[in-house]
Each structure stands twice: as structure tokens, then as C-alpha cells.
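Sequence plus predicted model, see below.
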Amino acid sequence: MSVNSSFSLSSKSSNQIIIWARYFYPGFRAGGPILSLSNLCNLFSEKCDFCVVTQARDSGDPSMFPNIIPDLVNYTSIAPTIYIASLTGLFRTFALILRSRKSIFYLNSIFSLPFSILPLLLYKIQLLPVRRVVLCPRGELFASALQSSFLRKKVYLQVAQSFNLYQNVHWHATSDQEAELIHKIFKPAPRFISIISNIPSSIPPSLTICEGKLAFRANSSRLVFASRVLPHKNLLIVLEALKVISSPIVLDIYGPIEDKNYYQRCLTESNGLPSNISVAFNGAFLPQNIKTIFTQATVLVHPSLSENYCHTIVQALAYYTPTLIGTNTPWSNHSCDAITTCDPLDPRQWSDSIRKIISLSQYEYLSICYKARSLYESHISSLSYLKRDYLSMLLSDN
């Protein structure tokens, strides 16, 4: 990674896009949004000049990333990136933008002060040369996400709308449900909304994964929960569901602990499970370990109260892994044996679905694994349409 203190945003290209995001590469603990933005930069690197403005540490980590120079432009393998570590660095970045030609802002939050509210405010009062602003809420408008710091978010939305802060913003919704929430919450109705799915990662097929699954399944069924540990992700419902399962099961939990009180509740629940159920809290997993995790998994359990996309589900399908999900995701309407939808508040449905999949014969289970991969391949086949839609959203004048 190299650093340039004299970096200029005065690109000759008119397709200069500045991405504002609280978390970015090499971070990984914040999950899907980091992968979404990395895939975006990689897919359009030849058509757009990207620069990412982000904070200098990962989610939940007090230490700065190693091998970076904070508050200056670092040249990473994905895109030039400014890792903000101070208020001085943030305003130095605004000054850098002020000296540049007009760019496009792509914001990835509604409620982040340094990485959404301030850039949007400076655009609104015409202090920055910004051609247009595209804003992706990244699931922040779902009721389960708004519950965290509810009063603060409610007051902010009221004040922001009273000043028409979001007027002329082009909204990026990654699902129909998210688009409906934007229309419901923001008045007057937004003029520009693009509904475009996140960009999936390209994962090649590998038949050895299925062989590994069958080998692990011969000893015990292995459930994988791969998400942050906090109420919104709803791990407790899986632990409650396992109380009535009599077969041997290993539940591997991968993800950073973001709510310590909720984690203690989950830990208490897991300690009270019968002896045939083994639970392991493994912490955050490194992206390079995802293939190994799913090779050992019988099924992914993802009981989240809501999702605007969910890369974890996509990765599970790519690695031939059947998936149990809640009802509030873009994947909930898929009619496929590889995906089973359960009420995120009904542990009995989760118990019944877990019993069903672990009782399958090896042949039946293998058949569902291949259907999971087929669903992934069907999903990624839409990549050419996604490229067209993203370019239209980011670069058109509407």
C-alpha cells in the first residue's frame, strides 16, 4: 500500500466518484457493506475513478489499521482510500474535494455524521463541487435497525426533512422493501429512487466442497450462524429452537460481539442446552476462511429480523450450503428447496426446519446442496444487467 500526500482529485474523467462509508477494506467486521463497496469498485474500475473516504479502523476495534497513513490518500488494491483518524483529517479531505473538479458523492449511511450528514450538508449549501449525490441506506431504515438509538434517529430525520436536506438526492435501494421504506419515511416523496441489488462476489464452483460436507455430516450436523451478535441478527431464536432437538448438532457462531448484554443472554441460553447440542462462539471470521467454514456447514441459519441484501446468504449458496432464513429478506420469496423461510419470532418453525434438513438422506441432502449452487449461479447471471443499472444510477444526470 503506497501513500501520496500530494494526491489530487482533479481527474480528467468526468466519472469521478467519492464513496463515503464508515467501514471499508481492509476492515471486515462490519460485514456486507464492505463487500458491496469492494465489488462495486472492482467491477467499474475501468469506467470510473473511485476514491473512498472511511475511518481508520474496523468496527469494534480501537486500534487503527496497520500499514496505513491516516488522513492521507493510501493506494490500496481496490481504490485510493483516505482513512480518517481525526477531525483535522476530515476537514483536510473536504478541502481536497473543494480544489477538485465536480465529482459524484456515493453515501452509504443516513445517520453517520462524518461520512454522510456532513458531506450532504456541505453539498446542500453548495460549499463543495459535487455533481450529484447518491445515497444508499444499507438497511438503516428497517424498524429493527431504527430501534437502536431510536429517539436520536427520529429527531434527526424530522430536523433533516424540515430543512429539505434530502431534496434532490438520488436514492439507491437494494430491495423493493427498502424502496417502500424510503417512500414511507421521506416526505415529500423522493423524486429519484433506483432499486438495484448489491453486486455479488464471483465464486467458482468446487465439487470438493460437497464431499467435505458429507464427511462432516456423517458425524454430526453442523449449523453455521455467520453474522454480528446483536438483537437485530436474532441469534437467540436459533438457540431457543435447539432446545427441543434430540439429534447431535454443532452450532458454530461466527461474528463480532457488538452488544455485550445480548451476548450474555445468548451465552446463558447456550449453556442451558441439552448435551447433544454443542455451541461455539468463534468470534469474527476472516474473509479468506469463508470457504472452509461453509465446507464444514450442513446449513446456514440466518434468522435476522431484516436484511436489505445479505452477502452471507449469497456466499452460502455459492458454497453449496442450504439456508434457513427469516421472512424479511430479498431472498424470502425464492421458491427453492435450498432456501427455507421461517418466522424470525417463532422458534417452533426453526426447530421443525432444522429437524427436516438434518433428517435428509445423504442423497437428498446432496441434491439440495446442488440446488443451492444453482440458485447462486442464477443470481450472478444477472451481473450484466446490474452493471447497466449501476452505471445509469451513478453517472446519469437524473
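Yes, it's here.

Setting aside sequence neighbours, what's the nearest residue to residue 279?
residue 270 (4.0 Å; Cβ to Cβ, 6 or more residues apart in numbering). (Each C-beta comes from the backbone N, C-alpha and C, glycine too.)

Test my guess that the one you found contacts residue 239.
Yes - here residue 270 reaches residue 239: they are 5.6 Å apart, a contact under Cβ atoms under 8 Å.

Mutual contacts of the two, please.
Shared contacts of residue 270 and residue 239, defined by Cβ atoms under 8 Å, 6 or more residues apart in numbering, are found at 251, 279.

More neighbours: which of these two?
Comparing residue 270 with residue 239 by other Cβ atoms under 10 Å, the one with more neighbours is residue 239, at 24 against 20.

Now the strand or helix carrying the more buried one: buried residues?
Residue 239 belongs to helix 235-241 when assigned by DSSP states H and E. Judged by neighbour count using 16 or more other Cβ atoms under 10 Å, the buried positions of helix 235-241 are 235, 236, 237, 238, 239, 240, 241.

Residue 77 - how many residues pack around it?
Using other Cβ under 10 Å as the criterion, residue 77 is surrounded by 10 other residues.

correction: residue 251
Residues lying near residue 251 (other Cβ under 10 Å) number 22.

Can you verify residue 350 is assigned to a helix?
Yes - the assignment for residue 350 by DSSP: H, G, I helix; E, B strand; the rest coil puts it in a helix.

contacting residues around it?
Contact analysis of residue 350 by Cβ under 8 Å, 6+ apart lists 237, 238, 240, 241, 301, 303, 324, 342.

Please report the distance of the last one from residue 277.
So the one you mean is residue 342. According to Cβ to Cβ, to the nearest Å, residue 342 and residue 277 sit 18 Å apart.

quick one, helices of the protein?
For the chain, helices defined by DSSP state H occupy the ranges 32-43, 87-98, 118-124, 143-146, 150-162, 176-185, 207-217, 235-241, 260-271, 290-295, 311-318, 347-358, 362-380, 383-395.

can you list contacts of the longest one?
Put plainly, it is helix 362-380. Contacts for helix 362-380 (Cβ under 8 Å, 6+ apart): 200, 202-203, 205, 210, 213-214, 217, 298, 314, 316-323, 334, 336-339, 357, 360.

cutoff 6 Å now
200, 210, 214, 317, 318, 320, 321, 322, 336, 337, 338 (Cβ atoms under 6 Å, 6 or more residues apart in numbering).

taking those residues as a set, which two sit the farthest apart in space?
Checking the contacts of helix 362-380 against each other with Cβ to Cβ, the farthest-apart pair comes out as 200 and 214, at 25.9 Å.

Tell me which of these two has more neighbours.
Neighbours were counted for residue 200 and for residue 214 using other Cβ under 10 Å; residue 200 has more, 21 against 14.

Quick check, central residue of the chain?
The centroid of the chain falls nearest to residue 32 when counting by Cα atoms, centre = their mean (2.1 Å).

these two touch, right, that one and residue 314?
No - counting by Cβ atoms under 6 Å, residue 32 sits too far from residue 314 to count as a contact (9.2 Å).

ok, so what distance separates residue 17 from residue 132?
Here the distance between residue 17 and residue 132 works out to 10 Å (Cβ to Cβ).

Can you check which residues contact both of the two?
Counting by Cβ under 6 Å, 6+ apart, the residues touching both residue 17 and residue 132 are residue 104.

Could you check which of these two has the larger neighbour count?
A direct count of neighbours by other Cβ under 10 Å for residue 17 and residue 132 places residue 17 higher, at 24 against 19.

Please tell me how far that one sits from residue 396.
Noted for residue 17: a distance of 13 Å to residue 396, by Cβ to Cβ.

Residue 89 now?
When Cβ to Cβ is applied, the distance between residue 89 and residue 396 equals 32 Å.

With neighbour numbers in mind, choose between the two.
A direct count of neighbours by other Cβ under 10 Å for residue 89 and residue 396 places residue 89 higher, at 18 against 11.

contacting residues for the more buried one?
Contact criterion Cβ under 6 Å, 6+ apart gives residue 71 as the residues in contact with residue 89.

Next, count neighbours for residue 159.
By the measure other Cβ under 10 Å, the count of residues near residue 159 is 10.

next one: the one 3 residues further on
Residue 162 is surrounded by 8 other residues when neighbours are defined as other Cβ under 10 Å.

and the closest residue to residue 312 other than its chain neighbours, how many residues sit next to it?
Using Cβ to Cβ, 6+ apart and skipping residues adjacent in sequence, the residue nearest residue 312 is residue 226, 5.1 Å away. The burial metric for residue 226, expressed as a neighbour count using other Cβ under 10 Å, is 25.
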